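Colleague: For reference, the sequence and a predicted model appear below.
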Amino acid sequence: MNLVLWHGYLLADTGSNIYTRQIAHAWAELGHQVRVLCQEPHPERYPMGERVRVLRPAIGPLLPTFVVDRYEGVEARHVGAMSEAELGAYLDANVSALRDELAREPADLVLANHAIMGGPVAAAGCAESSTPYAVKVHGSELEYAIRGRPDLAAMGRAPLDCAAAVFAGSQHIVAVTRELLGDGPYLERTRIVPPGVDLELFRPDRGSWEELRRLLGSAGGTAQAERLPDPDAAARLAGVDRFVLYFGKLLFTKGVATLLEAWGRVAGQHPGHHLVVVGFGGDRGALEAEAGERVVFTGAMDHEQLSRLIPLADCTVVPSVLSEAFGMVAAEAAACGVIPVVAGHSGLAEVAEGLGDAARTFPAGDAAALAARVEDVLGLPDAERRALGERGRERVAGRWSWQRVAQRLLQESGLPV
């Protein structure tokens, strides 16, 4: 089949960017031809197979986003802060690009990321050719853009009603979509298809301090500095033996402050352990100022670097205060044989339920409860902790491989696999 993925952003190692890369790769592995329309200026950095072509529509200088980060070649602006004319110009440019691409080479399906702006782009871009389209709803547009903005909710709603399928990563996202967009025909075609985990990359036997140091020493290139490891990250990690790990955005909404408070309760009982904090974000300075003893901030790491670090941890923590669509980092940790301790809400709770006794949960924002769960994991005999980690990986493989996810997207869209 000939398949198109529309993605408004880049392809670097965050959220829907990873989702786009992995689905494109998995579809190609299944033998399909895939085109990815996105804003990635360096697609050669993200090989997805010979059957995948990356196209970059000319959208003008502005890129509507849900969380304002810096992007190469465009000016990121929160979608809620853009004028009607600016959003219209962005929409027209993408619709034209998609329509022209479908006229040049027809497709069996267009899968668009995000209710906004993916839904409106797909609906208008596919109309002339009558190409069926599906929309993948992510938590980011719901919580960081649509909530509290009825004009954006209206923009996202109509395209869902006409989609062949609407995909959500968890029951939580279905509920929030219904809350913000209301009831409608789209609910009958909404399917829960969680994102996947790269089981070849994230596995227990890839943990290696030596290889991590090598990768950190060669990190660099043209990526923005905040998306790279700190220049002295390897030196900071040199004194680390056993550790608890956080990896993700460095934002208060991600619950990192709760983790730091909990670590203050744990550190004294485990003098041989460090807390390692990996990531970038606007709250990093304030969070570092709150850090106590034996806390190491490394800056961001890419997936190759993380795959060397995660298996070495005794546990990982996903302490988000706000809702999460799925909780990918928890599933990636479990794939590495490491027990995740997660806030017990939204998509995180659904991941924990799927992992069973290979995960721990705590009430979001409760530092004392988080400390107790971390203590529980650190107090396990090594053999028992490893056995739980093995069970966690088996459960991830049975539920969340990218190949399984890619097949389900086609099946639920009414296409043969």
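Modeller: Happy to help now that I have it.

Colleague: where do the helices sit along the stretch 51-200 of the chain?
Modeller: 84-104, 119-127, 139-141, 150-161, 171-181 (DSSP state H, counting those that start in this stretch).

Colleague: Which stretch among those helices approaches Asp232 most closely?
Modeller: With distances scored as C-beta to C-beta, the stretch of these nearest to Asp232 is helix 139-141 (31.5 Å). For the C-beta atoms, the positions are set from N, CA and C on the backbone; glycine is no exception.

Colleague: Give the buried residues for stretch 249-268.
Modeller: Taking 16 or more other C-beta atoms under 10 Å as the neighbour-count basis, stretch 249-268 is seen to contain the buried residues 249-251, 253-267.

Colleague: what do you get for stretch 109-118?
Modeller: Using 16+ other C-beta under 10 Å as the burial criterion, the residues of stretch 109-118 that qualify are 109-118.

Colleague: Go through these and name the one nearest Leu306.
Modeller: With C-beta to C-beta as the yardstick, the closest approach to Leu306 among these comes from Asn113, at 22.4 Å.

Colleague: per-residue pLDDT, the closest one?
Modeller: Listed pLDDT for Asn113 reads 97.

Colleague: need the contact list for it.
Modeller: Listed by C-beta atoms under 8 Å, 6 or more residues apart in numbering, the contact set of Asn113 reads 5-9, 16, 19-20, 135-136, 138.

Colleague: In JSON lines: the residues you listed, plus neighbour count.
Modeller: As requested, the contacts of Asn113 are arranged in JSON lines below (neighbours: other C-beta atoms under 10 Å):
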{"residue": "Leu5", "neighbour count": "25"}
{"residue": "Trp6", "neighbour count": "30"}
{"residue": "His7", "neighbour count": "25"}
{"residue": "Gly8", "neighbour count": "24"}
{"residue": "Tyr9", "neighbour count": "23"}
{"residue": "Ser16", "neighbour count": "23"}
{"residue": "Tyr19", "neighbour count": "22"}
{"residue": "Thr20", "neighbour count": "27"}
{"residue": "Val135", "neighbour count": "31"}
{"residue": "Lys136", "neighbour count": "27"}
{"residue": "His138", "neighbour count": "23"}
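
Colleague: Out of those, which sit inside helices?
Modeller: With helices taken from DSSP state H, the overlap with these comprises 16, 19-20.

Colleague: contacts for the helix or strand of the chain with the lowest mean pLDDT?
Modeller: Sorted by mean pLDDT, DSSP states H and E, the helices and strands of the chain end with helix 139-141, the least confident at a mean of 89. By C-beta under 8 Å, 6+ apart, the residues outside helix 139-141 that reach it are 15-16, 66-67, 79, 114-116, 156, 169, 172-173, 176, 323-326, 346-347.

Colleague: let's go with 7 Å and repeat that
Modeller: By C-beta atoms under 7 Å, 6 or more residues apart in numbering, the list of residues contacting helix 139-141 from outside reads 15, 66-67, 114-116, 173, 323-325.

Colleague: how distant is that helix from the center of its chain?
Modeller: Here the centre of mass of C-alpha atoms in helix 139-141, compared against the chain's by C-alpha atoms, centre = their mean, to the nearest Å, lies 10 Å away.

Colleague: Over to stretch 122-131?
Modeller: Centre-to-centre, stretch 122-131 and its host chain are 27 Å apart (C-alpha atoms, centre = their mean).

Colleague: Of the contacts of helix 139-141, which is the nearest to Ala372?
Modeller: Using C-beta to C-beta, Glu324 is the member of those that lies nearest Ala372, at 21.4 Å.

Colleague: and that closest one, what helix or strand is that in?
Modeller: When elements are assigned from DSSP states H and E, Glu324 belongs to no helix and no strand.

Colleague: That one and Val351 touch, don't they?
Modeller: No. Glu324 is beyond contact range of Val351, at 8.7 Å (criterion: C-beta atoms under 7 Å).

Colleague: Relative to Ala331, how far out is the closest residue to Tyr144 other than its chain neighbours?
Modeller: On the basis of C-beta to C-beta, 6 or more residues apart in numbering, the spatially nearest residue to Tyr144 that is not a chain neighbour turns out to be Phe66, at 4.0 Å. Relative to Ala331, Phe66 is positioned 22 Å away (criterion: C-beta to C-beta, to the nearest Å).

Colleague: Check the contacts of helix 139-141 against Pro57 and report the nearest one.
Modeller: Each of the contacts of helix 139-141 was scored against Pro57 by C-beta to C-beta, and His114 proved nearest at 15.3 Å.

Colleague: so the closest one makes contact with Tyr144?
Modeller: No. Because the distance of 11.0 Å does not satisfy C-beta under 7 Å, His114 is recorded as not touching Tyr144.

Colleague: among the buried residues of stretch 109-118, which two are most distant?
Modeller: Taking C-beta to C-beta as the measure, these span a maximum distance of 20.1 Å, between Leu109 and Ile116.

Colleague: how about the residue nearest to Tyr144, what does it touch?
Modeller: Residues counted as contacts of Phe66 (C-beta under 7 Å, 6+ apart) are 79, 140-141, 144-145.

Colleague: Of the residues you listed, keep whichever come out buried.
Modeller: Burial of the contacts of Phe66 was assessed by neighbour count (16+ other C-beta under 10 Å); the buried members are 79, 140-141, 144-145.

Colleague: Save these as CSV, and put in distance to Gly88 too.
Modeller: Supplementary listing: the buried ones among the contacts of Phe66 in CSV, determined by distance: C-beta to C-beta, whole Å:
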residue, distance to Gly88
Val79, 13
Ser140, 22
Glu141, 18
Tyr144, 21
Ala145, 17
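
Colleague: Count the residues that sit near Ala368.
Modeller: Per other C-beta atoms under 10 Å, the neighbour tally for Ala368 reads 12.

Colleague: Equivalent analysis for the one 10 residues further on, please.
Modeller: Using other C-beta under 10 Å, the number of residues around Leu378 comes to 18.

Colleague: Distance check, it against His274.
Modeller: As judged by C-beta to C-beta, Leu378 and His274 stand 12 Å apart.

Colleague: One more: Val377?
Modeller: 15 Å.

Colleague: which one of the ones in helices among the contacts of Asn113 is nearest Leu212?
Modeller: Checking the ones in helices among the contacts of Asn113 against Leu212 by C-beta to C-beta gives Tyr19 as the nearest, at 25.2 Å.

Colleague: I'd say the closest one and Pro195 touch.
Modeller: Yes. Tyr19 sits in contact with Pro195 when judged by C-beta under 7 Å, with a separation of 5.5 Å.
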